[in-house]
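**Q** Generate a structure from the sequence data that follows.
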Amino acid sequence: MNRPDAALPNHFELLATDGAARTGRLTTPHGVVRTPAFMPVGTAGAMKGMHWREVRDAGADIVLGNTYHLMLRPGAERIAALGGLQRFTGWNGPMLTDSGGFQVMSLADLRKVSEHAVTFRSHIDGAKVELSPERSIEVQRFLGSDIAMQMDECVRLPAEHADIERAMQLSLRWAERSKRAFESAPDGYMLFGIVQGGDVPQLRHASAQGLVAIGFHGYAIGGLAVGEPQAVMLAMIDETAPMLPTERPRYLMGVGTPDDILEAVKRGIDMFDCVMPTRNGRHGVAFTRFGQVNLRNARHADDPRPLDEESSWPSTRSYARAYLHHLVKAGETLGAMLLSEINIAYYQALMQGIRDAIAHGTFDEFYQRTREDWARGDIAPRQVD
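**A** So this is what the prediction gives:
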């Protein structure tokens with residue numbers, strides 16, 4: 001059967017599979033993205049607490065920018081006049097921008113949704129702003145992101161069936177308008193559709209079928225990691241992923257923990273994003289192969305050992321736990337910076353391990369070994385005489 005997306009250029013190459021897990025290569029105007037990929041979130045055109053070179057050195061191929069925040073400050077037209085988001089920020093690599101739909105959900109007290117658009121009050125100065133599918137795509141084109149997302153409405157779970165269905169149907173109509181608005185984009189740039197439907201399998205099916213009938217360069221699963229238990233999220237991936245074209249990239253939006261990512265890769269997901277590595281770093285929590293380590297805990301105060309002496313990332317194997325504990329307790333900015341880079345590096349090392357395992361047909365072994373390391377937990381506290 002001929003699908004509408006068959007007429008669209010496909011920039012994704014599937015290199016290997018192991019069960020449902022996939023590894024591939026996504027080619028963008030600003031470089032190649034190895035998948036599965038984790039996209040660090042640079043909300044306002046910056047990675048909180050990190051320089052772009054650290055993000056790149058840690059292994060990230062692609063980062064995410066936020067349409068809502070950038071359109072309000074410094075302004076999409078201003079960024080376009082300054083050469084686009086890559087030149088403006090100095091990242092000079094692949095970028096994906098979200099549509100603003102998630103912020104619309106989080107600003108429930110400040111916005112009004114209609115068929116035409118969302119009208120909301122700026123959290124910066126209270127100015128009235130209208131964001132339609134056409135304007136969302138226009139802003140993303142001004143930013144110059146390699147991958148743009150359709151405008152959608154995201155519903156926080158749990159929610160009533162009627163509210164989930166209304167938002168899903170509205171998102172489908174907005175998907176059509178987003179695609180029409182994107183038609184003038186230069187070759188090589190991509191638009192992804194977003195599957196909605198909350199925690200209702202039938203609505204997820206209808207949304208996926210509707211998006212495939214419209215046709216996109218890639219497909220995202222949205223509206224998850226918004227308050228539901230992990231089991232519900234995974235069940236919705238199980239319902240949705242098999243309905244998406246195998247030859248197109250699949251993106252699980254806003255996810256998540258290393259555990260979430262590992263489980264989602266097992267179910268055929270290719271791309272992820274989340275603020276968790278940098279946000280947790282700013283709150284004194286490190287991600288390591290031993291699981292999460294809270295540097296605020298007093299057990300680290302006299303411990304000269306690093307977080308993980310076998311890590312390939314210098315800061316993870318070089319800085320003493322006692323020093324990191326001191327920085328966190330003292331509120332020193334350096335503590336947040338070090339833990340943010342340590343966390344981004346761990347996420348990228350996890351993704352590299354996943355890619356290698358899929359390529360070699362050993363994903364099941366990698367999956368079991370990684371989960372065993374997490375379950376074993378952090379090294380025992382140092383005994384002080």
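
**Q** okay, CA-based contacts and neighbour counts for the rest of this
**A** OK.

**Q** Check the spacing between the closest residue in space to residue 47 that isn't next to it in sequence and residue 279 real quick.
**A** Nearest in space to residue 47, with sequence neighbours left out and distances taken as Cα to Cα, 6 or more residues apart in numbering, is residue 41 at 6.6 Å. Relative to residue 279, residue 41 is positioned 10 Å away (Cα to Cα, to the nearest Å).

**Q** element containing residue 317?
**A** Assessed by DSSP states H and E, residue 317 sits inside helix 314-318.

**Q** Buried residues in whichever helix or strand comes after that helix, which are they?
**A** Note on helix 314-318: by DSSP H and E, the next helix or strand toward the C-terminus is helix 321-330. Of the residues in helix 321-330, 321, 322, 323, 324, 325, 326, 327, 328, 329 count as buried by neighbour count, 16 or more other Cα atoms under 10 Å.

**Q** Is residue 80 in a helix, a strand, or coil?
**A** Three-state call for residue 80 (DSSP: H, G, I helix; E, B strand; the rest coil): helix.

**Q** which SS class is the closest residue to it other than its chain neighbours?
**A** Spatial nearest neighbour of residue 80, excluding adjacent residues (Cα to Cα, 6+ apart): residue 142 at 5.0 Å. Under three-state DSSP, the three-state class of residue 142 is helix.

**Q** distance of residue 142 from residue 182?
**A** Distance from residue 142 to residue 182, by Cα to Cα: 12 Å.

**Q** Equivalent analysis for residue 379, please.
**A** In terms of Cα to Cα, residue 379 sits 51 Å off from residue 182.

**Q** which one of those two has more residues nearby?
**A** residue 182 (21 against 10; other Cα atoms under 10 Å).

**Q** so where's the stretch 1-150 of the chain shaky on pLDDT?
**A** 1-2, 104-105, 107-109 (pLDDT under 70).

**Q** ok, now with 80
**A** 1-3, 6, 101-110 (pLDDT under 80).

**Q** quick one: residue 196 and residue 168 touch, right?
**A** Yes - shown here, residue 196 and residue 168 form a contact pair, counting by Cα atoms under 8 Å, at 5.3 Å.

**Q** any residues in contact with both of those two?
**A** 203, 207 (Cα atoms under 8 Å, 6 or more residues apart in numbering).

**Q** more crowded one of those two?
**A** residue 196 (32 against 26).

**Q** who touches the more buried one in this structure?
**A** 154, 167, 168, 171, 203, 204, 207, 208, 221, 222, 223.

**Q** what do you get for residue 147?
**A** 95, 96, 97, 189, 190, 191, 192.

**Q** now with 6 Å?
**A** Applying Cα atoms under 6 Å, 6 or more residues apart in numbering, we find residue 147 in contact with 96, 190, 191.
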